[in-house]
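S.K.: Compute the structure for the input listed below.
(2 chains)
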Amino acid sequence: MALTEQEILAGLGKIINEITGIPAAEVTPEKNFVDDLDIDSLSMVEIAVAAQDEFGVEIPDDQLKHLKTVKDVINFIQA
Amino acid sequence: MSTNRVRVVVTGLGATTPLGGDVASTWSALLDGRSGIRPITEDWVDTVPVKFAGVAAVDPSEVLPRPEARRLDRAEQFALIAARQAWQDAGAPEVDGERLGVVVGSGIGGIGTILSAYDLYREKGWNRLSPFTVPMLMPNGSAGWISIELGAKAGAHATVSACATGAESIGYGIDMIRSGRADVVVAGGTEAAIHGLNVASFAAARAMSTRNDEPERASRPFDKGRDGFVLGEGAGIVVLESEEHARARGARIYAEAAGVGYSSDAYHITGIDPEGLGGRQAMLRAIKDAGIAPADVTHVNAHATSTPLGDEIEARAIKDAIGSHAIVTATKSMTGHLLGGAGGIESIFTILALHERIVPAIANLDDPADGIEVDLVRGEPRKLDGDRFAAINNSFGFGGHNVAVAFTSV
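M.R.: Below you'll find the model as predicted:
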């Protein structure tokens, strides 16, 4: 059964907090990883690896670079 | 010796050890004669003949925020913690980044990362590895991270000479300042190698104590009943500074880092030269480099790891190089052997002995080995009487590396 946007958002918030220290509450769909959350490319790789464990969805490198916002990642996981 | 050479002083100390999470708690435990050695409970303990170690008194996870800790090998965590303490202790000196250097090494490097990353790679594949795997396993990682933290651009170096690493790093730091490359250098050593593979490997070399029924009594340098070294972990890092720079900012000066002597045994890859010639030569060179005389050296913090062969040979080397007046301690009796971190913490203990005018006693020294002709500190710490002292920290490593660092009181 597919996860809801809220469930994925909560999971992402936990992962991003674990990796970057950013409070999970600040991880909202419209946030841009680079501009709003100051997350660099290596941290994005860490997030992708953790998301793979959490949601069972592999995010290939050539897809990862197109995921600019939290909403982009949610959509990718739901797709 | 040239009299107009740049003088180097010590203005900051930082450490995290099996005895305490900082310098003050570690030093007070040493003076109390407490042991940092305890049974280990990891699941690999049943697979090795050694069931105890000097685990860090304060786990780095209690100190570092999680997002930072997960990007660092445990050895780097110790190094960063000790470097921050040392920097704060020095008063966070204002210094041009181009004049600030880092020299922090590790004997083994990120061995914990290597082993766990290998397991993860085999089980789940390459793309599950942290993108920080390489900077976590590389032995120069600590130096790199500290340079980033402090904005140190004069150069970040990582010397590697097994158990002489920490002392060699401090020696290199002294040389960086003397040669005019830097005004301030953060220098020392770190290690986090308490893992089944390392214990098994050292045990395979028949180098470790197996006194499993009495862990706190297992590290007993110079004692007749010693049966090997005890593995410890942690880091010791100092702030070195040109005297001119330190005086100009009114810094507290612990001691002068007066000289360093190096030698190599060129004898055996793990065994010490039976005549102790290499250790003696390193001490004599440190004395010459410091512009002092053997008679001036009051105190030696011996390398003395509690292995059957090494301690007596070192005692003879100290007697030959310095004389029987040397007041000798062996703090590994309480901390265990921090490998690459040893020269860092033991240089700190040597500096504090000069600064506080007191030398910790050797723990577990019930029955000194025969034929030792130096003044071993037993029972109670020994007060140093007088005004001016010189002291030497010895650190020797597998590979035949010998380093002696000479400090003088100010």
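S.K.: give me phi/psi at whatever residue of the stretch 201-350 of chain B ends up closest to chain A?
M.R.: Closest contact between the stretch 201-350 of chain B and chain A, by Cβ to the nearest Cβ, is at residue B:235 (23.2 Å). Glycine gets a C-beta too; all of them are placed from N, C-alpha and C. Residue B:235 adopts backbone torsions of phi -150, psi 150, taken as degrees, to the nearest 10.
S.K.: That one: neighbouring residues, count only.
M.R.: Other residues near residue B:235 number 35, with proximity taken as other Cβ atoms under 10 Å in any protein chain shown.
S.K.: my guess is it meets residue B:187, correct?
M.R.: No - Residue B:235 is beyond contact range of residue B:187, at 11.5 Å (criterion: Cβ atoms under 8 Å).
S.K.: what sits against the closest residue to chain A within the stretch 101-250 of chain B?
M.R.: Using Cβ to the nearest Cβ, residue B:131 is the residue of the stretch 101-250 of chain B that sits closest to chain A, at 4.4 Å. Counting by Cβ atoms under 8 Å, 6 or more residues apart in numbering or on different chains, residue B:131 touches A:42, A:45, A:46.
S.K.: same deal with residue A:21?
M.R.: B:65, B:66, B:67, B:68.
S.K.: ok, 6 Å please
M.R.: Neighbour list for residue A:21: B:65, B:67 [criterion: Cβ atoms under 6 Å, 6 or more residues apart in numbering or on different chains].
S.K.: cool, and residue B:162?
M.R.: Per Cβ under 6 Å, 6+ apart, neighbours of residue B:162: B:107, B:397, B:398, B:399.
S.K.: for residue B:283, same thing?
M.R.: Contacts of residue B:283 (Cβ under 6 Å, 6+ apart): B:321, B:392, B:404.
S.K.: What distance do you get for the first one to residue B:314?
M.R.: To tie it back to what came earlier, the one meant is residue B:321. To residue B:314, residue B:321 is 10 Å away according to Cβ to Cβ, to the nearest Å.
S.K.: And those two? Which one has more around it.
M.R.: More neighbours surround residue B:314 than the other of residue B:321 and residue B:314, with 29 against 25 (other Cβ under 10 Å).
S.K.: Name the SS class of the more buried one, please.
M.R.: Put simply, residue B:314 is helix when judged by DSSP: H, G, I helix; E, B strand; the rest coil.
S.K.: So which bits of the stretch 101-250 of chain B are right by chain A?
M.R.: B:128, B:131 (Cβ under 6 Å from any Cβ of the partner chain).
S.K.: and residue B:49, which of the three is it?
M.R.: Assignment for residue B:49 (three-state DSSP): coil.
S.K.: quick one, what contacts it?
M.R.: B:203, B:210.
S.K.: mind running it again at 10 Å?
M.R.: B:199, B:200, B:203, B:204, B:208, B:209, B:210, B:212 (Cβ atoms under 10 Å, 6 or more residues apart in numbering or on different chains).
S.K.: Quick check: phi and psi on residue A:18?
M.R.: Dihedral angles (degrees, to the nearest 10) for residue A:18: phi -60, psi -40.
S.K.: residues touching it, list them.
M.R.: Counted by Cβ under 10 Å, 6+ apart, residue A:18 has contacts A:24, A:46, A:47, A:50, B:66, B:67, B:70.
S.K.: same question, residue B:198
M.R.: B:48, B:53, B:108, B:111, B:112, B:115, B:191, B:192, B:208, B:231, B:339.
S.K.: Of those, grab the buried ones for ChimeraX.
M.R.: Buried members of the contacts of residue B:198, defined by 16 or more other Cβ atoms under 10 Å in any protein chain shown, are picked up in ChimeraX with:
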select /B:48,53,108,111,112,191,192,208,231,339
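S.K.: which one of the contacts of residue B:198 sits closest to residue B:125?
M.R.: The shortest approach to residue B:125 among those belongs to residue B:115, at 17.2 Å (Cβ to Cβ).
S.K.: what about that closest one, helix or strand, and which?
M.R.: helix B:111-124 (DSSP states H and E).
S.K.: Pull the residues that contact the next helix or strand along the chain from that helix.
M.R.: Per DSSP H and E, the first helix or strand lying C-terminal to helix B:111-124 is helix B:133-137. Residues outside helix B:133-137 that contact it (Cβ under 10 Å, 6+ apart): A:42, B:70-77, B:109-118, B:120-121, B:126, B:130, B:141, B:144-145.
S.K.: Find the helix or strand that the closest residue to chain A within the stretch 51-200 of chain B is a member of.
M.R.: Residue nearest to chain A within the stretch 51-200 of chain B: residue B:67 (3.9 Å; Cβ to the nearest Cβ). Here residue B:67, judged by DSSP H and E, is contained in helix B:66-69.
S.K.: What is the subsequent helix or strand relative to that helix?
M.R.: That would be, after helix B:66-69 and using DSSP H and E, helix B:74-89.
S.K.: Sort out which residues of that following helix are buried, please.
M.R.: Applying 16+ other Cβ under 10 Å to helix B:74-89 flags B:74-87, B:89 as buried.
S.K.: circling back to that earlier point, in TSV, list the contacts of residue B:49 along with distance to residue B:308.
M.R.: TSV is the format used below for those (distance: Cβ to Cβ, whole Å):
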residue	distance to residue B:308
B:199	18
B:200	20
B:203	15
B:204	16
B:208	12
B:209	10
B:210	12
B:212	18
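S.K.: helices and strands around the helix or strand where residue B:104 lies, which ones?
M.R.: Element membership of residue B:104, judged by DSSP H and E, is strand B:100-106. Judged by 3 or more Cβ pairs under 10 Å, 6 or more residues apart in numbering or on different chains; DSSP states H and E, strand B:100-106 is in contact with helix B:74-89, helix B:141-150, strand B:155-157, helix B:165-178, strand B:184-191, strand B:234-242, helix B:342-356.
S.K.: I'd like to know how many residues surround residue B:346.
M.R.: The number of residues near residue B:346, taken as other Cβ under 10 Å, comes to 28.
S.K.: in the chain, which segments are predicted with low confidence?
M.R.: Picked chain A for this. A:1 (pLDDT under 70).
S.K.: Can you look at chain B instead?
M.R.: B:1-3.
S.K.: Distance from the chain centre to stretch B:249-256, please.
M.R.: Distance, stretch centre to chain centre, for stretch B:249-256: 21 Å (Cα atoms, centre = their mean, to the nearest Å).
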